[in-house]
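# model the following, please.
(chains A and B)
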Amino acid sequence: MFDYDAERFRVLITELTRSNVTTETWQWLSDKFLAPETSVVNSAFAMMPRKTGKLPLTESIELRAEIEKLKPGFILEGWTIDRLSRLCLLVQLDATDKAKYFKTIENLFLAAEIQELVALYSSLPLLAWPELWKMRCAEGIRSNIGLVLEAIMYNNPYPFNYLDEKAWNQLILKAFFTDKDLNKIPGIDERANAELAATLIDFAHERWSAHRKINPHLWRLTSKFIDDNLLIDLKRVFEEGSLKDRQAAALTVYQSDSGSAKMLLNNYPELVKAIENKEITWSSITPEV
Amino acid sequence: MCCSHSFEDRKPQVVAEAMNLDIIKGMKFFDPHVHMSSRTTDDYQAMADAGIVALIEPAFWLGQPRTGIDSFRDYYSSLVGWERFRSSQFGIKHYCTIGLNSREANNEQLAEQVMELLPLFIYKEGVVGIGEIGFDDQTAAEDKYYRMQLELAKEAGLPIQIHTPHRDKKKGTQRSMDIAIEHGIDPKLVIIDHNNEETVKEVLDRGFWAAFTIYPFTKMGNERMVEVAKLYGSERIMINSAADWGISDPLAVPKTAALMKLKGISDQDIKMITYSNAIAAFAQSGQIDQNDFISPLAVDQTEKFEGNTVLRGGQQPRTDKSSIIIS
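Presented below is the predicted three-dimensional model:
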């Protein structure tokens, strides 16, 4: 039913939620945990910020670290109390009746406002029956609402673990098109693939033709697929790009297995040195907006 | 004498006030009734430029009847979703009221399903009331669903935004108020909308909020509104544009503020009528935090963490309208 230690996770997330709300709110919320009626879950889910407020989490850093260990890639960074409380409510749902469980949560998606969507999508990696949510996740990537996309992309291991290649590639393309921080996408490098690299290279050519900037992180996803044509492009980045572009090109080549590509690096010993000293990493390269 | 007569004829009757909003520069406005789903991004930009910092989009009918419950669900969900996001990109805080409008209350089979759907939406963040509800044709079905929604509002502790009918307005307005009182609703939780010179006195006397819609040709013009303000002052009075897919004006609130200023209404009264009263009325929902729009940089806590820019999610870049170049 679950792909992680859900029992332990529920205990910890319940404790973390309890420590972040008032006694009165906790009484109200925990009352809802055992309610069998979907309508009670529906209104509790919708009403959450009215009861909990919307401030960032303040309590129990240690507890958070323990929670994050249970689900690699899942990080509570930037979470607010209402979002956490919604997750807490979701993990109490009885998942034994698969069809009912799916219908309850799917209906929350269908009627959700923005912050509810954020809570729901960022809860995907923690739900029961993980295979069930692939379509929902792929649908979420079609959203044009920045916060919703970030809930799916950032610190959310669900796409990495469950999306098929087509949907994954859509997520990454969308991330580039909407100027997202690629470093926050779990599995970004592990799931690099030839099809995605080809599409991204086309995209880079389009940007060049339109005299627009290219996010330097684009190149990192081509590292395993360097051929003669791409070498020409990378040369162009080395010669015409900004400092960040050149750093990104150097990292791309450095991480590739292509001998002819590595020859390029001979011209840029100072970049190689900086990479070896860990002064240049993908985290150090922030795209210019 | 024909000549002098024709000279008289050609004398301009009224000099239209030129569109100049400079005299209200720096003022903030709140439009508590505007249907943004049917407006363009140009409107959003113009509204932001004119000082509108927040608005309420009441749920209404779409110009033609819906044929299924999913259309209602998608519409309500767009009011708390996509439209709210779109508005935020122009720095305008978007609230809404949720309800079954009077016209569609007449499709009883569908109305029943909508009543079941409403509890899913009325408790959501930024939903500041049940609305717009009330009478259109004043049929039995309209009466029934109006009453049911009053009960719902009572249960949820939400303000009620009442649409008064075009036809037989005075009686329709009285009836709306009578029924609200009958259901034990406190008048201070009820905003009676689309008032005119004929309805305002009774609405105010009975303790309700009186909203005026400044809408060309069919509802109030703003010169008439200035006279109303002179006569009744600013207590419990507010104005809105009710701009929608008809010939309407999303700048009705700031334009009327400018006209009031020109006609000598005090800044304090203008502020009450175009900003503070609407906030006071709808903040009874517990869903309006003035800090969300009091300073243009103050955004929701949830939208500014991670050291990211306040414009994250991508506030819309401006196009240069003075140039023929599009880049």
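# so where's the stretch 201-327 of chain B shaky on pLDDT?
Residues of the stretch 201-327 of chain B meeting the criterion pLDDT under 70: B:295-316, B:319, B:327.
# cutoff 90 now
For the stretch 201-327 of chain B, applying pLDDT under 90 flags the ranges B:216-220, B:290-327.
# all helices for it, in order.
When secondary structure is read from DSSP state H, counting those that start in this stretch, the stretch 201-327 of chain B shows helices at B:222-232, B:252-262, B:267-271, B:277-282, B:291-294.
# in CSV: the ones you listed, plus mean neighbour count and distance to residue A:26.
To be clear about C-beta, it is placed using only N, CA and C from the backbone, and glycine gets the same treatment. Below are the helices of the stretch 201-327 of chain B laid out as CSV (neighbours: other Cβ atoms under 10 Å in any protein chain shown; distance: least, Cβ to Cβ, whole Å):
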stretch, mean neighbour count, distance to residue A:26
helix B:222-232, 17, 48
helix B:252-262, 23, 42
helix B:267-271, 15, 41
helix B:277-282, 22, 29
helix B:291-294, 15, 26
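# nearest to residue A:238, of the ones you listed?
Within the helices of the stretch 201-327 of chain B, the stretch nearest residue A:238 is helix B:291-294; the backing value is 46.9 Å (Cβ to Cβ).
# packing partners for that closest one?
Judged by 3 or more Cβ pairs under 8 Å, 6 or more residues apart in numbering or on different chains; DSSP states H and E, the packing partners of helix B:291-294 are strand B:52-58.
# Provide the strand pairings for the strand it packs on, with the direction of each partner.
strand B:29-31 (parallel), strand B:93-98 (parallel) (DSSP bridges).
# could you point out which element follows the first one?
Scanning the chain past strand B:29-31 towards its C-terminal end, the next helix or strand to appear is helix B:41-49 (assignment: DSSP states H and E).
# sorry, back to before: for the strands paired with strand B:52-58, which one sits closest to residue B:134?
Ranking those by proximity to residue B:134 (Cβ to Cβ) places strand B:93-98 first, at 11.9 Å.
# quick one: average confidence on the helix or strand that the closest one is followed by?
Per DSSP H and E, the first helix or strand lying C-terminal to strand B:93-98 is helix B:102-105. Averaged over helix B:102-105, pLDDT sits at 94.
# got the buried residues for helix B:102-105?
B:102, B:104, B:105 (16 or more other Cβ atoms under 10 Å in any protein chain shown).
# can you tell me the SS state at residue B:60?
Assigned by DSSP: H, G, I helix; E, B strand; the rest coil, the conformation of residue B:60 is coil.
# so who does it touch?
Applying Cβ atoms under 8 Å, 6 or more residues apart in numbering or on different chains, we find residue B:60 in contact with B:35, B:101, B:132, B:163, B:244.
# got the phi/psi numbers for the last one?
Backbone torsions of residue B:244, given as degrees, to the nearest 10, read phi -150, psi -150.
# number of nearby residues for the residue nearest to it when sequence neighbours are not counted?
Of all residues not flanking residue B:244 in the chain, residue B:35 sits nearest, at 4.1 Å (Cβ to Cβ, 6 or more residues apart in numbering or on different chains). Residue B:35 sits with 23 neighbouring residues when counted by other Cβ atoms under 10 Å in any protein chain shown.
# I figured residue B:35 was touching residue B:240, is that so?
No - if you go by Cβ atoms under 8 Å, residue B:35 and residue B:240 don't touch, sitting 10.5 Å apart.
# other SSEs contacting the longest helix seen in chain B?
Looking across chain B with DSSP state H, the single longest helix is helix B:140-156. Contact partners of helix B:140-156 among helices and strands, from 3+ Cβ pairs under 8 Å, 6+ apart: helix B:102-105, helix B:108-122, strand B:127-134, strand B:160-163, helix B:169-182.
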